[in-house]
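Engineer: mind looking at a prediction? Sequence and model below.
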Amino acid sequence: MLKRTSLCAALVAGALAAGAVPAQDVIKIGAPLPITGPLSPEAKKQQRGYDLWAETANKAGGVKVGAKRMKVEIVYVDYQSNTPRAVQSAEKLITQDNVSFLFSPFGSGATKAASSVSEKYQIPTVAATASSSQVYDQGYKYLFGTFTPNDTLTDPLSDIVKRGSGGVKRVAILARNDLFPLAIAQEMEKSAKKRGLDVVYFEKYAIGTLDHASALSQIKAQSPHWIFATGYTNDLILLRKQMADQRIEAPVVTMIAAPAYQEWIDGTGKLSQNVTSAAWWHPAVRYKGQDLFGSTENYVRLFQAKYGALPDYVEASSSAAGAILQMAIEKSGSIDRGKVRDALAAMDAVTFWGPVKFGNTGQITSLEPPVFQIQNGKPVVIHPRAVKQGELQLGVGG
Amino acid sequence: MTLLYFQILANGLVLGGLYACIASGFSLVWGVLNVINILHGSFIVLGAYLAYFAYLKAGIHPFLSVLIAIPAFFAIGYGLQRLMINRIIAAPVLLTLTLTFGLDLMLQNAMILAFTADFKKLVLDPPLGTVALGEVVMPVDRIAAMVLALALTAMLYLILSRSRIGRAIVAVRMDREAAALMGVNVPRIYAVTFGLGVMMAGASGPLLAMIFPISPLGGPAYLGKAFVICVLGGLGSVPGAMIGGLVLGVVESFGALWFGPEHAITLSFTLLILMLLARPQGLLGRKGYE
Amino acid sequence: MKRDAWSAVVLFALVALLPLSGEAYWLRLGTTVLMYGVLAMSWNFIGGMAGYPSFAVAAFFGLGAYTGAVAQKYGVAVGFAWASAGLTALLFAALLGLALLRLRGHYFAIASLVVAEVLRELVNSMTELTGGGMGLNLPIPTMSSVDAQARFFFYAMLLLAAATFAAMLLTRYSKLGFGLRCIQQNESAADMLGVDTTLYKVSAFALSGVFVGVAGAVYASWVYYIEPPDVFDVLFSVKAIVMVLLGGAGSMFGPLVGAAAFLSLEELVWRNYLEVHTGVLGLLIVALVLFLPKGLLSLSQRLGQRAKMP
């Protein structure tokens, strides 16, 4: 009993010390992230993106709020890759750390869960990594997302594949049984059927599947022209390898979302050749923006200078979340939540990330996501025409 | 359609060999020491990482890493048992489980700090490729893993049945008190057995590194398979682990065909429960040793 | 028994005063401690009193969470949703117990662990009903204020914890409790002496399920979004066990003490040792097993004894 009381006393003291009143000339933005746990690689990417934005903004003197400038401070909280903890972290950031704005946690599931909290407290929240329209279907007014809905990836992909390879007719789809991978696979099915393609196989695999051989053997037996697989980096490395194990060849193989990451290309080696993918951004796009980075090239240059590597779409999206929030604050001239929220809703501007205009669900509607293909170990953009770097090559495996 | 069935069967057998690799050391430790070594999965991962870095930095082929892993992990296992696990060897099931669980948390955290949580994949250059029996295709790396699993399992079996220390292990497994009365140094036997178990885990690591992406948090996935295999095959029986592995591989393979890939894992666990209810000693185990 | 009951009344009354502090953070932490207290006390029925190492807590929790969530999805009122979750968990635990309690030791442990995995995958595949891998959103509670909502869930968990404690107390001093102690000491002997071991074991297992099921449903309403991997997480089972071991297995206040101590430690560690917090937790568990296998309460007993020696 004694031990317990002294422990409690220590906790009280600690909490009191931590609850000090923050300085008033700093804009605090909360960022719950899965810093530990299975999703920690994604958290690192997001952090890099956020930090680059905060650093760049502060170096320029801060964000313009009416007549004065205020520096930004991002308050990170680790939710251990556990969604309910993400919700609680968001609440804690709002009620205890007194943040004025929020960045969503990673991924569609956690974003959706935490969005209820920001809606409850009316805190403008920018989601940098949530694309599924199910995330935005609750009628909330305070949630804004930088990813366009999943069909904006699958529709252009289907068009390009159909155009670039006259004979493609049979499509096989294998999806991880998780919010985003399943949602985008379902969009793919719709996009394919709309264009008159036959979906000859559609199955889901459980999270944590260690062996896909059976599913792949069945796919092989259908002789598909186009194989579409979704999952996270480790799933897609394993899938690509097991396709080679079974000598599966197809004119087109698309995987979402891992080929955008260097880790996937490293993990598949020569097997990455000619695999296609789509994402919401690519360092090769060229936009002249009204945001603090000015242009895509400038953003990429700054990122490379700080981190020594090209940014991927998650990192860029996180920086974009900050840049977009900044633009809304500067437009409204204050950090009043209602005013900033309205400025976000009304935004219609070009940024290094692309044109930014939010639909009435809060999800961005103005982007044209690039489609790319891994050629000789490097991602090559094959759509849209404005930033095209190469042509679609057919034939994966063999 | 028959071709598909043969392919699925081949997939299952080759997967089964891999599974046997994962489970034999685990089964031995559980059967002889009555200790569920939660660290087993993470030791496999550790072995995989070592092989990955050996290949990346020094070009050491994973097959060679297996040979290096054998003495290294045996030493780790022996030391761990002597230092910590021996203290609670007579304690209830729960305490030993909790201890190895706590140790596993520490090992996982250490690996995350050392290797970061990104997935790494050992990509062989040139790759080992595939081999075909008629129309049925099998990847060479998995076959190699299966062959090595058989070799390690055979080696283990020989140690247990031919050597003096092996026979002492079997004696301790059958009746600890009687063995002690016959002059067997039981604590030392426990340490050796644990060492052998960890050795099998560490030696499987390089093989699995060629096949799966590696992550510090990947241990529990392998452990889950090991549980099912041990129950299927019978605790403490090394041939049992082999049979159990093969059965599980084939069941999962056909399960994915008939019920869909999303249910393959559920199927294996359901099989586990049914097995526990119908025949807890497993296919090759003997009644009374649970 | 009277002494335990009065101590409990005082304890719960004190805890009920927590909302007066006005701190949302404390309220949230308190609700979490109470929830884990329910899990730990429930485990005590089957693990502490009967001596069967059950890992089924996660299965019951997830089952309760989804039952309550799905009920609410179809418009059932919150209170009824929670009650139905408890009832479902009770029935499931009883049936499961009949099947599994024939096994002993490690085999029982493994089987109970695996049940959660099987349930998780089943829930994952029932996409139309449960949302499957995409998760399930619950209706957001419509309460007068943010604070009122936090208080509501705090008191809900408090009542549940009190009910669990009462059940534990009544069981211990009843024929069931006596029977369970006999089973733990020597099941075959108990059987021979005429103790209906099956009935008692299954009752204990069912008790270990009902309150956990309600806790799961309350939890789901509290966080308003659940996914299968979150609520069928094996860590719920493991933490419940560690908490009971920490406090002292089989004792009345052990589970609560253990839950409070464990969660306080976890919060402190998480806040200060971010990169190594799982490792530190592991270290604590190892230290606990090696040096304090009978739990914290035994420590105070030992200190008390030392004080008495001349």
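Structural biologist: Perfect, thanks for sending it.
Engineer: look up how far C:K294 lies from A:F303.
Structural biologist: In this structure, A:F303 lies at 56 Å from C:K294, with Cβ to Cβ, to the nearest Å as the measure. Just so you know, the C-beta spots here come from the backbone N, C-alpha and C atoms, and that holds for glycine as well.
Engineer: neighbour count: these two, which is higher?
Structural biologist: Counting neighbours by other Cβ atoms under 10 Å in any protein chain shown for A:F303 and for C:K294 shows that A:F303 has the greater number, 22 against 16.
Engineer: close to chain C: what parts of chain B are there?
Structural biologist: B:30, B:34, B:36, B:84, B:87-88, B:91-95, B:97-99, B:101-110, B:113, B:224, B:227, B:231, B:262-263, B:265-266, B:269-270, B:272-273, B:276-277, B:280, B:290 (Cβ under 8 Å from any Cβ of the partner chain).
Engineer: so C:G254 makes contact with C:N44?
Structural biologist: Yes - taking contact to mean Cβ atoms under 8 Å, the distance of 7.4 Å between C:G254 and C:N44 places them in contact.
Engineer: of those two, which one has the most company?
Structural biologist: Ranked by neighbour count (other Cβ under 10 Å), C:G254 and C:N44 place C:N44 first, with 31 against 25.
Engineer: pLDDT value on the nearest residue to that one once chain neighbours are set aside, please?
Structural biologist: In space, not counting the residues next to it along the chain, C:N44 is nearest to C:P255; the distance is 5.2 Å by Cβ to Cβ, 6 or more residues apart in numbering or on different chains. We have a pLDDT of 90 for C:P255.
Engineer: and C:P255, what does it touch?
Structural biologist: C:G37, C:A40, C:M41, C:W43, C:N44, C:G48, C:M243, C:V244, C:G247 (Cβ atoms under 8 Å, 6 or more residues apart in numbering or on different chains).
Engineer: switch to 6 Å and redo it
Structural biologist: C:P255 is in contact with C:A40, C:M41, C:N44, C:V244, C:G247, counting by Cβ atoms under 6 Å, 6 or more residues apart in numbering or on different chains.
Engineer: report the distance from stretch B:143-158 to the chain centre.
Structural biologist: Relative to the mean C-alpha coordinate of its chain, stretch B:143-158 is positioned 12 Å out (Cα atoms, centre = their mean, to the nearest Å).
Engineer: wait, stretch B:136-149
Structural biologist: Using Cα atoms, centre = their mean, the distance between the centre of stretch B:136-149 and that of its chain works out at 16 Å.
Engineer: list the buried residues in that stretch.
Structural biologist: Of all the residues in stretch B:136-149, those buried under the rule 16 or more other Cβ atoms under 10 Å in any protein chain shown are B:V136, B:V137, B:M138, B:P139, B:D141, B:R142, B:I143, B:A144, B:A145, B:M146, B:L148, B:A149.
Engineer: in strands only, show me the residues you listed.
Structural biologist: For the buried residues of stretch B:136-149, the ones inside strands are B:V136, B:V137, B:M138, B:P139, with DSSP state E as the criterion.
Engineer: get me the contact residues on the stretch 151-300 of chain A for chain C.
Structural biologist: The interface of the stretch 151-300 of chain A toward chain C, taken as Cβ under 6 Å from any Cβ of the partner chain, is made up of A:N177, A:D178, A:L179, A:L182.
Engineer: which of the residues you listed sit farthest apart?
Structural biologist: The widest separation within these, taken as Cβ to Cβ, falls between A:N177 and A:L179 and amounts to 9.4 Å.
Engineer: any common contacting residues for these two?
Structural biologist: Contacts common to A:N177 and A:L179, judged by Cβ under 6 Å, 6+ apart, are absent.
Engineer: beta partners for whatever residue of chain C ends up closest to chain A?
Structural biologist: When you check chain C against chain A by Cβ to the nearest Cβ, the closest residue turns out to be C:Y225, at 3.6 Å. Beta-bridge pairing for C:Y225 (DSSP bridges): C:N137.
Engineer: can you tell me which residues contact it?
Structural biologist: A:A113, C:G135, C:N137.
Engineer: tell me how many other residues surround the first one.
Structural biologist: A:A113 has 26 neighbours, counted by other Cβ under 10 Å.
Engineer: got it, and the one 3 residues further on?
Structural biologist: One way to gauge burial is a neighbour count; for A:S116, by other Cβ under 10 Å, it gives 21.
Engineer: so it sits in a strand?
Structural biologist: No - checked against DSSP: H, G, I helix; E, B strand; the rest coil, A:S116 lies outside a strand; its state is helix.
Engineer: for chain A, what's the longest strand?
Structural biologist: Among the elements of type strand in chain A, defined by DSSP E, the one spanning the most residues is strand A:68-78.
Engineer: okay, and residue 87 sits in which element?
Structural biologist: You didn't pick a chain, so chain A it is. When secondary structure is defined by DSSP states H and E, A:V87 falls within helix A:83-95.
Engineer: other chain: chain C
Structural biologist: Assigned by DSSP H and E, C:L87 falls in helix C:78-100.
Engineer: now the element after that helix, going C-ward?
Structural biologist: Heading C-terminal from helix C:78-100, the first helix or strand you meet, by DSSP H and E, is helix C:105-125.
Engineer: so does that next one get close to chain B?
Structural biologist: Yes - with Cβ under 6 Å from any Cβ as the threshold, helix C:105-125 lies in contact with chain B, specifically through C:G105, C:H106, C:Y107, C:I110, C:A111, C:V114, C:E117, C:V118, C:E121, C:S125.
Engineer: and those, which of them are buried?
Structural biologist: Buried positions within those, assessed by neighbour count (16+ other Cβ under 10 Å), are C:H106, C:Y107, C:I110, C:A111, C:V114, C:E117, C:V118, C:E121, C:S125.
Engineer: what's the closest of these to A:S40?
Structural biologist: Distance from A:S40 was checked for each of those by Cβ to Cβ. The minimum falls on C:E117, at 23.5 Å.
Engineer: which residue packs closest to the closest one, ignoring adjacent ones?
Structural biologist: For C:E117, the nearest residue in space outside its immediate sequence neighbours is B:F269; the separation is 5.1 Å by Cβ to Cβ, 6+ apart.
Engineer: what about the one you found, helix or strand, and which?
Structural biologist: In the assignment (DSSP H and E), B:F269 maps to helix B:264-278.
Engineer: that helix: which residues count as buried?
Structural biologist: Within helix B:264-278, the residues that qualify as buried are B:A264, B:I265, B:T266, B:L267, B:S268, B:F269, B:T270, B:L271, B:L272, B:I273, B:M275, B:L276, counting by 16+ other Cβ under 10 Å.
Engineer: closest one to A:L325 out of these, please.
Structural biologist: Using Cβ to Cβ, the shortest approach to A:L325 within the buried residues of helix B:264-278 belongs to B:I265, at 41.4 Å.
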